[in-house]
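In: Task: produce atomic coordinates for the following.
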Amino acid sequence: MSPDHRVDPPAVLVIENNPGDVHLMREGLEKSGVDGTITVITDGETALDYVSQCEASDSEAVPDLVFLDLNLPKANGRTILEAINREPQLRSVPVIVCSSSKSPDDIRETAELGVDGYHIKPVDPNEYISLVRTIVESVSDSGQAPPGEYSTIGPVE
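Out: Numbers count the residues shown, from 1 in each chain. Prediction:
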């Protein structure tokens, strides 16, 4: 989904219902030293509304990076990924799945939907912050997100 371009400062969209994870993502952005902004959406239905409004709105409403949890109330992450793929203004935005799921099916399905990285949520808060910092810095520097530890599991054929 991501192009090859520098983004500074990034507008980060976090679609995550766990307040603790949102807090760690905010800390990761802060520690990156990148002066970005975060918009937080805590349920899938609101995320789908946001995605559908991106096409109609100006480019300032379009995020530069999306962190997405798969298990959300009201609509799951796969449904949101499908909606992102339908919106021309969002197709080039790097999307990073941060999930507690290690399921090969989840990893393959999200790869088929074009995610730029799949990361298991670290249990250690410092590792979580470091992961977010690394991703934000990469997107800010190159416009591309690191693929994640599961990048070798490709789409189902």
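In: Lowest mean pLDDT among the helices and strands of the protein, which one is it?
Out: helix 44-56 (a mean of 86; mean pLDDT, DSSP states H and E).
In: List the buried residues of that one.
Out: Neighbour counts over helix 44-56 (16 or more other CB atoms under 10 Å) mark 44, 47, 48, 50, 51, 54 as buried. Glycine gets a C-beta too; all of them are placed from N, C-alpha and C.
In: ok, those vs residue 61, which is closest?
Out: Taking CB to CB as the measure, residue 61 lies nearest residue 54 of the buried residues of helix 44-56, at 5.8 Å.
In: how close does the nearest residue to residue 97 once chain neighbours are set aside get to residue 99?
Out: Excluding the flanking residues, the one nearest residue 97 by CB to CB, 6 or more residues apart in numbering is residue 118, at 4.8 Å. For residue 118, the distance to residue 99 (CB to CB, to the nearest Å) stands at 7 Å.
In: Compare the two (neighbour count), which wins?
Out: residue 118 (24 against 19; other CB atoms under 10 Å).
In: Isn't the more buried one up against residue 145?
Out: No. The criterion here is CB atoms under 8 Å, and residue 118 misses it with residue 145 at 10.6 Å.
In: Find the residues that touch each one of those two.
Out: residue 96 (CB atoms under 8 Å, 6 or more residues apart in numbering).
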